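Trainee: here's a sequence, model it:
(one chain, ligands or ions: 3)
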Amino acid sequence: GLLLAVETSCDETSVAIVEGGRRVLANCVSSQMETHERFGGVVPEIASRKHVESITRIVEEAISKAGIRPSDLSAVAVTQGPGLIGSLLVGAAAAKALSLALDVPLIGVHHIAGHIYANALVAELQYPAVALVVSGGHTELVLLESEGKFRRIGQTRDDAAGEAYDKVGRALGLPYPGGPHIDRLAHEAEEEIPMPRAWLEPDSYDFSFSGLKSAVLAALNQARMKGQTLNPAHVARGFQESVIEVLVAKALRAASEYGAKQLLLAGGVAANRGLRAALKSACEAAGLPLIVPPFEYCTDNAAMIAAAAHLKWKRGRTTPLEMKSEPMLSLEKWAEDLA
Ligand code: ATP
Ligand code: MG
Ligand code: FE
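Mentor: Numbering: from 1, shown residues only. Ligands and ions are numbered 1, 2, ... in the order given. This next block holds a predicted model:
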């Protein structure tokens, strides 16, 4: 099947054309990063207006880049949730209009299923697999017992990893989003300021990053009160080491406990160089195959939405045109008809 997918859950307007859930013919992304940068975060009202302004152009761009005719399409996929409601609605309206005009089925997609199935764009997935999802809004360990069968075995109890990166970035006076800047600073640092690790209960696959964030803020404040300034690179390094050590240890323990054949990495924080390197060496030591999508499939993009939609399309599962966008859509509920 040839699928056109639309992703507008947050601040990226993206349209992709993917064949057979695997071959990406086009993956066009228009980021609003510069618009939101001066507010230090995504402003929902502005995000949805920007989606309205760009969506038609991005659809046309994707179709022309892929060199297909709209009548070649088998289905139109769109992110149903989770995400910002105003942003989701713009993508849904565009996808419904295309589905109606072309007389092809609509397929609503769970955004995190998309992040996870970005891995299917670059590798043949083998089950059971464990996915480490680290994004701006989510930090989860997901067990895939078989294709499309998702079970969340751990999640963050407070901040998501990306959220912690962005908050610490702001405290260090770095531009938004802070993640990539902290990554760079941590790389340059020759020393680190040690930070605590949040392991939680010994058998827990859950995460917590708010204590770490508070520890960073406390260290910065204490230094300020003493009239000193901490080297931001040393702070970034200490923070990043703590995040990575916990993520890697829990992901590897989950993979071993559930007999995973592969470890999948997903979400925007998967772009982190330190995390990639640490996972790579830990997986090599454990003899566990690690799949890491290229950068453009880690951050928000529509190609990953097409990859997840393909699971439904293959099984003849489509979504009625009355589909409701759901800011809190549950992964398990979305995947019910895949098992
Ligand atoms: P969700 O997918 O949970 O709805 P989102 O779509 O906003 O959230 P993504 O676009 O997947 O999140 O990821 C964005 C996050 O990734 C931001 O918090 C950003 O700081 C972080 N990020 C991007 N690159 C890096 C990096 N190199 N190191 C650490 N974090 C990074
Ligand atoms: Mg984003
Ligand atoms: Fe995302």
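Trainee: M328: what's it in contact with?
Mentor: Counting by Cβ atoms under 8 Å, 6 or more residues apart in numbering, M328 touches G81, P82. The way it works is simple: take the backbone N, C-alpha and C, and place the C-beta from them, glycine included.
Trainee: now it, what's its secondary structure?
Mentor: coil (DSSP: H, G, I helix; E, B strand; the rest coil).
Trainee: what do you get for A92?
Mentor: helix.
Trainee: so where does the spatially closest residue to it that is not a sequence neighbour fall, helix or strand?
Mentor: In space, A92 comes closest to S325 once its chain neighbours are excluded; the distance is 4.9 Å by Cβ to Cβ, 6 or more residues apart in numbering. Using DSSP states H and E, S325 falls within no helix or strand.
Trainee: ok, S325 - how many residues close by?
Mentor: Applying other Cβ atoms under 10 Å, we find 24 residues neighbouring S325.
Trainee: one more: G20?
Mentor: Neighbour tally, G20, other Cβ under 10 Å: 13.
Trainee: and D183, by the same measure?
Mentor: 20.
Trainee: report pLDDT for it.
Mentor: Here the pLDDT value assigned to D183 is 97.
Trainee: quick check: it is in a helix.
Mentor: Yes: under three-state DSSP, D183 falls within a helix.
Trainee: quick revisit: show me the contacts for the residue nearest to A92.
Mentor: So S325 contacts Q80, G81, G83, I85, L88, L89, A92 (Cβ under 8 Å, 6+ apart).
Trainee: among the residues you listed, name the ones in strands.
Mentor: Of the positions in those, Q80, G81 sit in strands, assigned by DSSP state E.
Trainee: quick one: which of the contacts of S325 is most hemmed in?
Mentor: L88 (28 neighbours).
Trainee: if I look at the residue lying closest to that one once chain neighbours are set aside, how far off is G83?
Mentor: Excluding the flanking residues, the one nearest L88 by Cβ to Cβ, 6+ apart is S325, at 3.8 Å. Remark: distance between S325 and G83 (Cβ to Cβ, to the nearest Å) = 8 Å.
Trainee: also I112?
Mentor: In terms of Cβ to Cβ, I112 sits 10 Å off from G83.
Trainee: just E19 next, same as before
Mentor: E19 is 26 Å from G83, by Cβ to Cβ.
Trainee: surely L132 is in a strand?
Mentor: Yes: the assignment for L132 is a strand, going by three-state DSSP.
Trainee: any idea of the pLDDT on Q126?
Mentor: At Q126, pLDDT is 98.
Trainee: quick check, it in a helix?
Mentor: No: Q126 is assigned coil when assessed by three-state DSSP, not a helix.
Trainee: picking that back up, next, the residue nearest to A92: phi, psi?
Mentor: phi -70, psi 140 (degrees, to the nearest 10).
Trainee: measure it to K333 for me?
Mentor: Taking Cβ to Cβ, one finds S325 at 14 Å from K333.
Trainee: kindly report the same for M304.
Mentor: 19 Å.
Trainee: tell me which of these two has more neighbours.
Mentor: Taking neighbours as other Cβ under 10 Å, M304 and K333 compare with M304 leading, 35 against 10.
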